[in-house]
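Peer 1: Next comes the sequence, and after it the predicted model I'd like to discuss.
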Amino acid sequence: MSLILVDQWRAVLWCRGTEHLGRISRMDQPTEVLHNASVTLRRWREGDAEAVYQVVTSSIEHLALWMEWAADGYHPQDAAKFITQSQANWRFGEAFNYAIIAADGAVVGSCGLMARIGPGGLEIGYWLHPDYVGRGIATLAAGMLTSEAFRIGADYVEIVHDTANVRSAGIPKRLGFTEIKRRPQILVNSSEADGVVIVWRRDRR
C-alpha cells in the first residue's frame, strides 16, 4: 500500500458533517498560499470543484481503501459540496483546507488545519495522489502547515492516522512530533484500517 493518508477526512473536509469542529478564537487566520521551492499549498477556492473531482477520482481506488467517504465512489456534486463547505469552514475559523500543488503545477492532493481537538490545538490532515507518493511532498506540506499553525497562535498541533497506515507514521516522526496515545476508531467501509489510530503531537517551542 503506497498511499499517504491521515485522518483528515473523517469529518468536515469532505462534508461528512461539522459536529466535531470548534472554532479558532484567539488565533489569526492562516495565509491563503504557502510556498516553497517544491510544493505550493493554496486555499481551495470557488471554481476549484473540477480540480477536486479530477484528483479524487484519479486516486479513488487507493482512497477507498482507507477513507469512508470514498468507498462508494465520488461525484461532481461531492466536489462542489466540498468547495462550498471549505469556504464556510475557512470563514468561520473551523478548518483551513488547501490544495497541494506539485512543482509541475499539478494538483496532487489536499491538506488542512482543523480546529477540533480542543482550545489552542489544531489538527493536520493530508492525502496525496498515489503517483506523487514517495517524493517528500506530504512531509513538506505537513511541515508547512505545522509552521503556519504555530505562526497564527496554536499551542500544539496533532496528526492522527490508522496504525496500519505505516507510511503516514513517518511524516510526524520526521517533523518532530511525539506519539501521545492510541485509541480505537472504527472506519466502517475501510478495507485496510485496523481500527486503532495513533495520535502524534508537537508543542510550540
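Peer 2: Received it, and whenever you're ready, just let me know what you need.

Peer 1: Dump the worst-scoring helix or strand of the chain on mean pLDDT to CSV, keeping only the CA atoms.
Peer 2: In the chain, the helix or strand scored least confidently by mean pLDDT, DSSP states H and E is helix 60-63, which has a mean of 88. Below are the C-alpha coordinates for helix 60-63, written out as CSV (Å, rounded to 0.1, in the frame of the first residue of the first chain):
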residue,chain,number,x,y,z
ILE,A,60,-10.3,6.7,-5.9
GLU,A,61,-9.1,3.1,-5.8
HIS,A,62,-6.4,4.0,-3.2
LEU,A,63,-8.5,6.4,-1.3
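
Peer 1: residues of that helix that come out buried?
Peer 2: By neighbour count on 16 or more other C-beta atoms under 10 Å, the buried set for helix 60-63 is His62, Leu63. For the C-beta atoms, the positions are set from N, CA and C on the backbone; glycine is no exception.

Peer 1: Return the distance of the residue nearest the centre of the chain relative to Pro76.
Peer 2: By C-alpha atoms, centre = their mean, the chain has its centre lying nearest to Gly125, at 2.3 Å. Relative to Pro76, Gly125 is positioned 23 Å away (criterion: C-beta to C-beta, to the nearest Å).

Peer 1: how about the strands of this structure, start to end?
Peer 2: Under the criterion DSSP state E, strands of the chain are mapped to 33-35, 39-43, 95-102, 107-114, 121-128, 156-162, 178-184, 196-203.

Peer 1: So in this structure, which helix runs the longest?
Peer 2: helix 76-92 (DSSP state H).

Peer 1: average pLDDT for it?
Peer 2: Average pLDDT, helix 76-92: 96.

Peer 1: Go ahead and confirm the residue nearest to the centre of the chain touches Arg116.
Peer 2: No. Between Gly125 and Arg116 there is no contact under C-beta atoms under 8 Å: 10.1 Å.
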